[in-house]
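J.: Mind folding the following:
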Amino acid sequence: KEVSTFRYKDKEQRKKLERNLSIVTKVIYPSLRFAPCLKSIINEKEERFIQLSKQQELILRVMGNKKFALFEGVAGGGKTVMASMKAKMLSEKREKVLFLCFNSELKKDLSLSMKDYPFIEVHNVYTLGEKLTGRNFVKEGIEIFYMLLDDYDPTEWPYQHVIIDEGQDMDDVFLDALYY
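T.: Prediction:
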């Protein structure tokens, strides 16, 4: 039978207690099992999330105003979270940010999560093309936008910062045109 009676202050305390209880229960009552309460497990996960967010924010602050930064990592590793945090930091300084992503669903989610940040615009390649030129490149072909972007007057560029998520999925011609 499972009994849940202990609350743990931290992960280390829980692990130590679990080891000690394991030894005791094997000797006294081998079929007795102690399990952590759900609240302690949730608290532990929340603390880990907060710690990770603080580490990510620190990395972004240390980066300061570096012109370029590249984050690589596994799916779910926090790259989009960090990019979003950076965009929000810049927006809070009233600096205009283009947050560019490849995936339309991610664009929708990011737009929703950044709706309270008026200095951030979230686009994919197609919506950026429409914003800058007023043309629909879904119908015309995105390559036309790439050519137009090559000739785009940099003094008319409406953004102070460009943050790109999912850059590995974007065409190199487009990324080169953005860079120059």
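
J.: Name all residues that make contact with Glu12.
T.: Residues near Glu12 by CB atoms under 8 Å, 6 or more residues apart in numbering: none. Every C-beta, even on glycine, is put in place using the N, C-alpha and C of the backbone.

J.: Now name the helix or strand holding the residue nearest the centre of the chain.
T.: Residue closest to the average C-alpha location in the chain (CA atoms, centre = their mean): Val81, at 1.7 Å. Val81 belongs to helix 79-92 when assigned by DSSP states H and E.

J.: ok, now Ile144?
T.: Counting by DSSP H and E, Ile144 is part of helix 142-150.

J.: Give the other helices and strands that that helix contacts.
T.: On a contact count with 3 or more CB pairs under 8 Å, 6 or more residues apart in numbering; DSSP states H and E, helix 142-150 meets helix 125-133, helix 172-179.

J.: Would you map the strands across the protein?
T.: 2-3, 33-34, 97-100, 120-123, 161-164 (DSSP state E).

J.: neighbouring contacts of the third one?
T.: Around strand 97-100, the neighbours that count as contacts under CB under 8 Å, 6+ apart are 83-84, 87, 90-91, 110, 114, 119-125, 128, 158-165, 170, 178.

J.: lowest-confidence helix or strand of the protein?
T.: In the chain, the helix or strand scored least confidently by mean pLDDT, DSSP states H and E is strand 2-3, which has a mean of 48.

J.: Tell me where the model's unsure across this structure.
T.: 1-10, 24-25, 28-34, 43, 45-52, 66-70, 180 (pLDDT under 70).

J.: Apply 90 and report the result again.
T.: Scanning the chain for pLDDT under 90 picks out 1-87, 89-90, 102-106, 124-126, 128-180.

J.: What's opposite His123 in the beta bridge?
T.: His123 forms beta bridges with Leu100, as assigned by DSSP bridges.

J.: That one reaches Lys131, doesn't it?
T.: Yes: with contacts counted by CB atoms under 8 Å, His123 reaches Lys131, the gap being 6.4 Å.

J.: Give the burial count for the nearest residue to Glu95 once chain neighbours are set aside, as a bare number.
T.: Excluding the flanking residues, the one nearest Glu95 by CB to CB, 6 or more residues apart in numbering is Gln160, at 4.7 Å. The number of residues packed near Gln160 is 13, by other CB atoms under 10 Å.

J.: Isn't Asp165 up against Leu106?
T.: Yes: using CB under 8 Å, Asp165 makes contact with Leu106 at a distance of 7.1 Å.

J.: circling back to that earlier point, so His123 and Lys131 - more neighbours on which side?
T.: For His123 versus Lys131, neighbours defined as other CB under 10 Å are more numerous around His123 (18 against 12).

J.: Which strands and helices lie in contact with the helix holding Val81?
T.: Using 3+ CB pairs under 8 Å, 6+ apart: helix 79-92 touches helix 38-63, strand 97-100, helix 104-113, strand 120-123, strand 161-164.

J.: Thank you, goodbye.
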